[in-house]
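Asker: Any chance you could fold what I've pasted below:
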Amino acid sequence: MAPKKEIVPGSCDDENNQYFQKLQWFKYGDGGHMSLKLNPKVTLGAGAIIWGFVLWSANDPEGSNERISMWKTWVTEEWTWFYIASQNIWIALLIYLLCSKYRNIRLGKDDEKPEYSYLSWFAMLFSCGVATGLFYYSVAEPMWHYRGWGGARWMDNMNDNDKAIHAIMVTWFHWGVHGWIPYTVVGALMGIMSYRRDMPLTMRFCLYPLIGEQVYGWMGDVIDILSMVVTLFGVCTSLGLGVFQINKGMQRLDQGMYRGYATIDEDDRAGVMFDSDTQITIIWVITCLATISVVSGINNGIRRLGEFTFVLGMFLMLSVFFMGDSMYILNALTETFGYLIWWMPKIAWDTDSMELLGDASEGLGGAPDGLGGGKGWMDAWTIFYWGWWISWAPFVGTFMAKISRGRTLGEFILGTLLIPSLYSFIWLGIFGSEGIRMDRRAESEGLDCGAWDGNPNSIFSNTTNAVRLWCLGTEDILFDQLASYGNQGFGDFLSVLTMICLVLYFVTSSDSGSLVIDIIGANGIQDPPTLQRIFWALSEGATASVLLNFGGNDALRALQTVAIVGGLPYTFVLFLMCQALYYVCQEEMKDIDIDRKSYASFIFQFDHTNNNDYAGGAVRILEAMFMPFLPFGRICAKLWGVDFKGQWTVIGAVPFFTIILFVSLTGVERQMKMLGGALYILYITLIAVARYSGRDKIGVKRGDLITDWVLSLLLYFLVLPQLECEIAAADAKGEFNEVSVVEADAVEVDEKGIALKRIDSAI
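Answerer: This next block holds a predicted model:
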């Protein structure tokens with residue numbers, strides 16, 4: 001057991017430091033097991049959303065399932081491009097940080113050393129990061145891409161050998177760097193903010209570099225609430241997948257299932273059924289185990305469990321490697337790795353733009369030749385995966401930061417992004433290549449899924465150990481592949497070993513998720529009270545149970561739906577975190593001044609003059625909302641001068657009234673509103689340019705043109721009054737005419753060379 005760390009006054013471990021004191025608290029008890037110590041708004045807000053969803057789903061399972069499915073369809077149809085592009089942008093940033101001087105930044109003080117060894121560290125982060133999905137999809141996903149409906153992409157002109165490698169490559173893509181990148185972004189930023197700058201270990205402080213002291217207000221509360229809700233739903237998706245396979249394994253053992261035959265008489269069976277009742281029972285049993293683990297803490301419970309789980313899983317993986325055709329597997333791994341590198345630029349940016357048009361008969365522009373993938377493939381695979389990984393980002397990223405204290409940013413990126421991806425490739429490559437080989441052997445013996453009539457002899461060979469894995473259900477594939485390596489007793493042994501791994505991965509995901517949710521709800525304190533840990537562990541079990549229940553026969557799709565819908569809002573948050581991470585790295589290496597000038601007011605204020613004139617502020621906002629050309633004209637006249645009175649007001653008024661005209665003519669021609677939308681984009685671009693120029697002329701060094709454009713697009717009615725007030729204030733101080741402001745010669749640092757905090761907002 002690692003020795004208990006001494007609390008350094010003022011550090012993120014010290015609940016009396018200045019950052020903790022500014023947060024809202026509800027405290028009850030003397031600090032014992034039955035005490036409470038939490039943020040009331042965040043905890044109640046997250047609890048209300050989660051339990052409100054549970055009650056809604058329980059009372060109206062069909063209606064809630066239908067409504068959430070509609071949300072999922074909307075996300076896929078409207079936001080596929082956003083999901084796909086975001087992962088690639090984040091990867092580019094992390095690769096840049098890894099290959100630059102920023103890799104030497106430590107997630108802690110300069111003299112701080114890592115608490116855990118490399119083995120313990122990697123075992124915990126991997127066990128937390130992949131959970132049961134790696135078992136559920138290890139054989140099934142490569143098989144689906146090789147044989148399944150919709151196929152993997154771009155396989156119309158491939159021979160069978162190329163299809164096999166392509167199928168493994170697509171599986172790797174879903175479990176590689178694009179999946180792990182959300183964890184790394186959150187963990188890296190949180191590790192620096194908490195262990196280097198002494199801020200609480202909670203999600204709101206990840207945005208401190210952008211919004212400063214506003215993290216203590218409603219925006220910080222929203223970020224923490226969203227993080228807790230998204231985390232819980234993301235974990236529930238994995239719990240659901242895990243419980244399906246555990247349930248199937250239990251049923252198979254109860255029936256003595258071997259090569260398609262039940263070898264135990266019905267009278268001698270325990271009667272284990274593959275249904276939602278059994279699955280919900282399994283969830284609650286494992287929830288109790290997870291509760292025990294999370295109450296025990298990281299060193300006593302989560303750490304040892306993670307280490308044992310990782311080693312047991314590695315033993316199973318290596319066993320399959322040596323029981324199968326080892327040389328073939330090595331060849332497949334090597335070939336697939338090169339194939340992935342070759343295809344990465346294409347598959348990483350593929351959005352299925354043409355496939356999402358549907359069949360040609362729908363009249364939306366689908367492929368006339370009928371070739372290519374199916375419309376539902378992207379929804380069922382890549383978008384589901386990205387939503388699932390992103391929904392796990394708050395909890396896995398926080399957990400990774402917590403166990404990575406003292407490591408450098410370069411170590412962290414390698415250990416949480418590249419090495420886990422490679423290990424996942426090996427795991428999926430071994431199981432997937434062996435599964436494809438076995439299925440092809442069975443096919444060569446004439447075994448055919450189309451001949452399936454309930455007789456196992458149609459898919460299980462009588463002369464060899466081959467089996468048509470493609471014909472089996474997703475939950476059966478892994479077990480039947482393992483059973484093919486020996487007699488029934490040996491197959492049962494491997495099945496039991498697999499189920500133990502599933503249960504342990506199940507527990508490590510649940511306990512880590514519960515701990516992180518509790519940490520966020522408790523304002524980032526490192527050791528939350530026991531009672532709160534129990535509450536969130538039980539909340540996870542309840543939510544997973546309800547999702548399985550209201551999903552009915554389509555429970556898996558219900559779980560996927562929640563992951564996709566929950567991941568979308570957090571994708572926007574992750575973009576902000578990437579921006580914040582880049583700024584923080586620049587500040588720590590003294591490339592930019594941590595105390596560089598910012599706006600004096602926050603964009604969401606009603607009074608941008610900071611003199612408590614809320615009525616006047618509201619009037620200015622209403623003016624900007626309904627007559628934006630007036631403040632726009634005054635701002636531009638100040639920035640760029642005029643050739644005649646009212647010049648810029650006219651320039652702002654013409655497109656504004658034209659937009660209104662186009663929208664009003666929608667009843668005559670429905671496409672007129674689209675012309676209005678196009679003109680609106682051009683109009684807000686003018687506002688963004690004015691904001692960018694204004695920042696430059698008043699010496700504000702925080703922000704950039706992209707931020708100016710996005711804020712203008714969404715909040716032009718707040719951008720204009722803020723900018724006008726900032727220009728007026730700078731002009732009154734005689735600071736307006738400066739085209740640029742020379743930054744300070746040196747960044748203010750403390751005695752250990754660590755950049756000090758700032759309190760201003762970037763927006």
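Asker: Please enumerate the strands of the stretch 201-350 of the chain.
Answerer: 257-258, 261-262 (DSSP state E, counting those that start in this stretch).
Asker: likewise the chain?
Answerer: Here the chain has its strands, by DSSP state E, at 26-28, 36-38, 257-258, 261-262.
Asker: Please name the strands paired to the second one in the sheet, noting orientation.
Answerer: Each strand that pairs with strand 36-38, with its direction, by DSSP bridges: strand 26-28 (antiparallel).
Asker: ok now the strand it pairs with, how far from the chain's centre?
Answerer: Here the centre of strand 26-28 is set off from its chain's centre by 31 Å, with Cα atoms, centre = their mean, to the nearest Å.
Asker: Can you name the residues in contact with that strand?
Answerer: 35-40, 43 (Cβ atoms under 8 Å, 6 or more residues apart in numbering). Where C-beta positions appear, they are placed from N, C-alpha and C, glycine not excepted.
Asker: quick revisit: ok, and which of the strands of the stretch 201-350 of the chain has the densest surroundings?
Answerer: strand 257-258 (a mean of 23; mean count of other Cβ atoms under 10 Å).
Asker: helices or strands next to that one in the packing?
Answerer: helix 488-521 (3 or more Cβ pairs under 8 Å, 6 or more residues apart in numbering; DSSP states H and E).
Asker: Could you find the closest non-adjacent residue to Q488?
Answerer: Among residues not flanking Q488 along the chain, Y258 sits closest, at 4.2 Å (Cβ to Cβ, 6 or more residues apart in numbering).
Asker: Identify all residues paired with the one you found through a beta bridge.
Answerer: Beta-bridge partners of Y258, as defined by DSSP bridges: Y261.
Asker: what would the strands of the chain look like in a markdown table with mean pLDDT and distance to Y485?
Answerer: Supplementary listing: the strands of the chain in a markdown table, determined by pLDDT from 0 to 100; distance: least, Cβ to Cβ, whole Å:
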| stretch | mean pLDDT | distance to Y485 |
| --- | --- | --- |
| strand 26-28 | 89 | 56 |
| strand 36-38 | 90 | 50 |
| strand 257-258 | 91 | 12 |
| strand 261-262 | 89 | 17 |
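Asker: Save those as a markdown table, and put in distance to N610 too.
Answerer: Output for the strands of the chain, formatted as a markdown table (distance: least, Cβ to Cβ, whole Å):
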| stretch | distance to N610 |
| --- | --- |
| strand 26-28 | 31 |
| strand 36-38 | 32 |
| strand 257-258 | 72 |
| strand 261-262 | 76 |
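Asker: A728 is nearest to which of these?
Answerer: strand 26-28 (41.5 Å; Cβ to Cβ).
Asker: ok so, going back, now the residue nearest to Q488: how far from I292?
Answerer: 34 Å (Cβ to Cβ, to the nearest Å).
Asker: Next: W180.
Answerer: 29 Å.
Asker: Which one of those two is surrounded by more residues?
Answerer: Applying other Cβ atoms under 10 Å to W180 and I292 shows that W180 carries more neighbours, namely 28 against 14.
Asker: and the more buried one, what is it in contact with?
Answerer: By Cβ under 8 Å, 6+ apart, the neighbours of W180 are 129, 389, 416-417, 420-421.
Asker: ok, 6 Å please
Answerer: 417, 420-421 (Cβ atoms under 6 Å, 6 or more residues apart in numbering).
Asker: and R304, which of the strands of the stretch 201-350 of the chain is closest to it?
Answerer: Judging these by Cβ to Cβ, what sits closest to R304 is strand 257-258, at 33.1 Å.
Asker: Contacts for that closest one next, please.
Answerer: Q488.
Asker: any idea how far the nearest residue in space to G148 that is not next to it in sequence lies from M323?
Answerer: Nearest residue to G148 in three dimensions, chain neighbours excluded: W470, at 7.6 Å (Cβ to Cβ, 6+ apart). Here the criterion is Cβ to Cβ. By it, W470 lies 21 Å from M323.
Asker: Which of the two has more residues huddled nearby?
Answerer: More crowded of W470 and M323, by other Cβ under 10 Å: W470, with 21 against 15.
Asker: For G365, give me phi and psi.
Answerer: With angles defined as degrees, to the nearest 10, G365 sits at phi 110, psi 20.
Asker: Give me the nearest residue to L417, chain neighbours excluded.
Answerer: T184 (4.5 Å).
Asker: isn't that neighbour right up against L414?
Answerer: No - at 9.7 Å, T184 does not count as touching L414 under the criterion of Cβ atoms under 6 Å.
Asker: Neighbour count: those two, which is higher?
Answerer: Taking other Cβ under 10 Å, T184 and L414 do not tie; T184 has more neighbours (30 against 16).
Asker: Contact partners for the more buried one?
Answerer: 94, 413, 416-417.
Asker: any chance of those residues in a markdown table, plus neighbour count and pLDDT?
Answerer: Below are those laid out as a markdown table (neighbours: other Cβ atoms under 10 Å; pLDDT from 0 to 100):
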| residue | neighbour count | pLDDT |
| --- | --- | --- |
| L94 | 23 | 96 |
| I413 | 25 | 96 |
| T416 | 30 | 94 |
| L417 | 24 | 93 |
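Asker: which one of these sits closest to E540?
Answerer: Distances from E540 to these, taken by Cβ to Cβ, are shortest for T416, at 23.1 Å.
Asker: State the distance from that closest one to C128.
Answerer: For T416, the distance to C128 - Cβ to Cβ - is 10 Å.
Asker: can you check L340 too?
Answerer: 25 Å.
Asker: More neighbours: which of the two?
Answerer: Using other Cβ under 10 Å, the more surrounded residue of L340 and C128 is C128, with 26 against 20.
Asker: Now that one. Nearest residue, chain neighbours left out?
Answerer: S512 is the one closest to C128 (Cβ to Cβ, 6+ apart), at 4.5 Å.
Asker: Surely the one you found and G397 touch.
Answerer: No - look at S512 against G397 with Cβ under 6 Å: they stay out of range, at 11.3 Å.
Asker: more crowded one of these two?
Answerer: S512 (32 against 29).
Asker: out of the contacts of W180, who's nearest P528?
Answerer: Using Cβ to Cβ, those come closest to P528 at P420, 26.9 Å.
Asker: Please name the residues that touch that closest one.
Answerer: 126, 180.
Asker: Quick check: pLDDT value at it.
Answerer: pLDDT, P420: 93.
Asker: How about F395?
Answerer: Predicted confidence (pLDDT) for F395: 85.
Asker: Just want the most central residue of this structure.
Answerer: Nearest to the mean C-alpha position of the chain, by Cα atoms, centre = their mean, lies I390 at 1.1 Å.
Asker: burial count for the closest residue to it other than its chain neighbours?
Answerer: Nearest residue to I390, sequence neighbours excluded (Cβ to Cβ, 6+ apart): G567, at 3.8 Å. G567: 29 surrounding residues under other Cβ under 10 Å.
Asker: which residues does G567 contact?
Answerer: 387, 390-391.
Asker: Relative to M625, which of those is nearest.
Answerer: I390 (32.8 Å).
Asker: my read: the closest one touches Y570, true?
Answerer: Yes - the criterion here is Cβ under 6 Å, and I390 meets it with Y570 at 5.3 Å.
Asker: Now for Y385, how many residues are close by?
Answerer: 24.
Asker: ok, now G387?
Answerer: G387 has 30 nearby residues by other Cβ under 10 Å.
Asker: Over to the one 4 residues further on?
Answerer: Number of residues near S391 (other Cβ under 10 Å) recorded here: 31.
Asker: So what's the residue count around the residue nearest to it when sequence neighbours are not counted?
Answerer: Nearest residue to S391 in three dimensions, chain neighbours excluded: G234, at 3.1 Å (Cβ to Cβ, 6+ apart). When neighbours are counted by other Cβ under 10 Å, G234 registers 28.
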